[in-house]
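# Give the three-dimensional model of this entry:
(3 chains)
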Amino acid sequence: MNKIALVDCNNFYCSVERVFNPKLEHKPVVVLSNNDGCIISRSNEAKALGIKMAEPVYKIMPYLKKNKVSIYSSNYQLYGDMSHRVMTNLNYFVPHIDIYSIDECFINLNGFEHMGLINYSQTIKQKIYQWTGIPVAIGVGNNKVMAKLANHIAKKHKGDGVFQLNSLEQEQKLMKQLELTEIWGIGRRSEKKLKQLGLESVWDFYTSSQMQIKQVMGINGVQLYYALHNQFNNHQELEQSDKKSIASSRSFSTLVSELGPLQQALSNYIMIASKKLRKQGSYTSAMQIYLSTNPFQQNTRQYHNCINIDFAMPCNDSFKLIRIGKSALKKIYKRDYQYHKVGVLLYDLSDNKQIDLFSIDYLPGKEKIRKEKLMRVIDKINQNMGTDTVFSGAQGIKKHWLEKRNYLSQRYTTNWNELLQVN
DNA sequence: TCTGGGGTCCTAGGACCC
DNA sequence: TCTGGGGTCCTAGGACCC
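Residues are numbered from 1 along each chain as shown, chains lettered A, B, ... in the order given. So this is what the prediction gives:
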């Protein structure tokens, strides 16, 4: 039987802030989304205060202050770098890792049974904490769904943060206690539909018929059904694959109605997205540009629209994408609206090899090489000297639409000027 | 006054074809 | 006037995830 573990960092963003600010230990901490809009990470103490995930900050600011909750704006450079450290350290323990998100990673424990999987997991947990300062929970199961479930139990229902599902009796006993939405892949909508059929618990789901599940949740539900039954399913594989689409967008700190600043903002997001594109060695054949007013302000005039552009030749050139993106935005832009967000989605991605086949026949070789070289140099400069050391004029210099980040911690690990100081 | 951002996969339905 | 059945491909939107 396959043995897969899910390693999940506890309250990741809050835990990272604590690594560089130990005073925050045992105190309530929250981290906010872009523009300090809503709560996206909570320490256990903050959860105990009843602060909810995705809660708009303005609604609970008095409550946060009253309870002396430490507040941080999200610092993705710091979190991304700390995530990388955790993942690299995991790779020290197992040859195959499958990074699922910034704070979660599946690892393959096949071949480690002789060490005792609980024991080995506890060692991993302890060492990751020792080496990075980040606490993790580890759940072990026969496939990803079961590993995820075990992890959930390790965090919610067991104290020490390591849990293994290893017998049918134990699994079945747990299923009788679990709510449907505690299963990875069953959200609120599916729960509602399942309950309409009289399926109330995970146990009901488990003992239902495959046909009935398919009727409500389609093929995804059937995959989950198989996974819970430890039968063949798509949740066994551990592999890292390239992104199939890359998006970048931000909502503005103040509303914007002129085309010029919207184009500048968009140019910045295209710069971010195309940099990610090159980082994974991909080219894009299609781009979507979108803009919208603030959907929460229902008393103002609403407008949202998008436009898709197909490229004859796959492209990874930021400047070309910006040029095309700006003129696309102009096509869907309407005057006299207060805009809240613009964004870009690159999709229909392909890799180098496929492009090379093309280039022999179609692309003017010299120019292509020259442009690729330019983009590589720019990426390298920005990586070494800091984001936007070199940027496109289209991105603008005074960015008045820039996001609000009033509670930002230092970029302790990625910026020479912001290292931790010790007195 | 103030409500995030980035992904994946599936499905229903339209367009088109014979 | 009456107007079938089946296939493919594409896309927008739904649902879910962190």
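# Enumerate the residues of the stretch 101-250 of chain A near DNA strand B.
Listed as neighbours of DNA strand B in the stretch 101-250 of chain A under the rule CB under 7 Å from any atom of the strand: A:Gly218, A:Ile219, A:Asn220, A:Lys243, A:Lys244, A:Ser245, A:Ile246, A:Ala247, A:Ser248, A:Ser249, A:Arg250. C-beta coordinates here come from the backbone N, C-alpha and C atoms, glycine included.
# give me the element whatever residue of the stretch 201-350 of chain A ends up closest to DNA strand B is part of.
Closest to DNA strand B within the stretch 201-350 of chain A is A:Gly218: 2.8 Å, counting by CB to the nearest atom of the strand. With elements taken from DSSP states H and E, the one containing A:Gly218 is helix A:210-228.
# how about A:Gln236, phi and psi?
Main-chain torsions, A:Gln236, degrees, to the nearest 10: phi -90, psi -30.
# on that earlier part again, pick out the most distant pair among the residues of the stretch 101-250 of chain A next to DNA strand B.
Spatially, the most separated pair among those is A:Ile219 and A:Arg250, at 34.5 Å (CB to CB).
# Looking at the two, which has the bigger crowd around it?
Taking other CB atoms under 10 Å, A:Ile219 and A:Arg250 do not tie; A:Arg250 has more neighbours (17 against 10).
# you'd agree the more buried one is up against A:Asn34?
Yes. Using CB atoms under 8 Å, A:Arg250 is in contact with A:Asn34, at 5.7 Å.
# Under the pLDDT cut-off, which ranges of chain A? List them.
Scanning chain A for pLDDT under 70 picks out A:159, A:232-234, A:352-364, A:401.
# and it, which of its residues are near DNA strand C?
Within chain A, the positions adjacent to DNA strand C are A:100-104, A:148, A:181, A:183-191, A:308 by CB under 7 Å from any atom of the strand.
# Among those residues, name the buried ones.
Neighbour-count burial (16 or more other CB atoms under 10 Å) applied to the residues of chain A next to DNA strand C gives A:Tyr100, A:Ile102, A:Asp103, A:Glu104, A:Lys148, A:Ile183, A:Trp184, A:Gly185, A:Ile186, A:Ser190, A:Glu191.
# quick revisit: and the buried ones among the residues of the stretch 101-250 of chain A next to DNA strand B, selectable in PyMOL?
Buried residues among those (16+ other CB under 10 Å), as a PyMOL selection:
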select buried, chain A and resi 246+247+248+249+250
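# which ones among the residues of the stretch 101-250 of chain A next to DNA strand B are found in helices?
A:Gly218, A:Ile219, A:Asn220 (DSSP state H).
# on that earlier part again, need the overlap of contacts for A:Arg250 and A:Asn34.
A:Glu403 (CB atoms under 8 Å, 6 or more residues apart in numbering).
# Can you show me the strands along chain A?
A:4-9, A:29-32, A:39-42, A:70-73, A:97-101, A:104-108, A:136-141, A:162-164, A:245-256, A:282-293, A:304-315, A:339-351 (DSSP state E).
# Same list (those strands) but as a markdown table, adding distance to A:Ala328.
Shown next, in a markdown table, are these (distance: least, CB to CB, whole Å):
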| stretch | distance to A:Ala328 |
| --- | --- |
| strand A:4-9 | 38 |
| strand A:29-32 | 32 |
| strand A:39-42 | 30 |
| strand A:70-73 | 31 |
| strand A:97-101 | 30 |
| strand A:104-108 | 35 |
| strand A:136-141 | 43 |
| strand A:162-164 | 50 |
| strand A:245-256 | 14 |
| strand A:282-293 | 5 |
| strand A:304-315 | 5 |
| strand A:339-351 | 9 |
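# now the residue of chain A found nearest DNA strand C: how far from A:Gln298?
Going by CB to the nearest atom of the strand, DNA strand C is nearest to A:Gly187 of chain A, at 2.4 Å. For A:Gly187, the distance to A:Gln298 equals 25 Å [CB to CB, to the nearest Å].
# A:Gly187 is in contact with A:Glu179, isn't it?
No. Assessed by CB under 8 Å, A:Gly187 is found out of contact with A:Glu179, at 11.9 Å.
# any chance of the buried ones among the residues of chain A next to DNA strand C in TSV, plus distance to A:Ile128?
Output for these, formatted as TSV (distance: CB to CB, whole Å):
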residue	distance to A:Ile128
A:Tyr100	16
A:Ile102	15
A:Asp103	12
A:Glu104	13
A:Lys148	18
A:Ile183	26
A:Trp184	22
A:Gly185	26
A:Ile186	29
A:Ser190	33
A:Glu191	33
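# Which members of the residues you listed are the farthest-apart pair?
Based on CB to CB, the longest span within those runs between A:Ile102 and A:Glu191 and measures 26.2 Å.
# what domains does the record give for chain A?
A:1-162, A:167-240, A:245-395 (automatic domain parsing).
# Deepest in the core, which of those domains is it.
Counting by mean count of other CB atoms under 10 Å, domain A:1-162 has the highest mean neighbour count of the domains of chain A, with a mean of 18.
# where's that domain relative to the chain centroid, distance-wise?
Centroid separation for domain A:1-162 versus its chain: 13 Å, with CA atoms, centre = their mean, to the nearest Å.
# how far does it stretch from start to finish?
Distance between the two ends of domain A:1-162: 20 Å, counting by CA to CA, to the nearest Å.
# just stretch A:26-37 next, same as before
Stretch A:26-37: ends 25 Å apart by CA to CA.
# wouldn't A:Tyr13 be in contact with A:Ser73 here?
No. The pair A:Tyr13 / A:Ser73 is not scored as a contact, 10.2 Å apart, by CB under 8 Å.
# Contacts only, for A:His304.
With CB under 8 Å, 6+ apart, A:His304 has these contacts: A:Tyr290, A:Leu291, A:Ser292, A:Thr293, A:Pro295.
# out of those, who's near DNA strand B?
With the criterion set as CB under 7 Å from any atom of the strand, no member of the contacts of A:His304 is near DNA strand B.
# quick one: the helices in chain A?
A:12-19, A:44-48, A:57-66, A:76-93, A:117-132, A:144-156, A:168-177, A:188-196, A:202-207, A:210-228, A:259-279, A:318-332, A:352-361, A:365-385.
# Sweet, I'm off.
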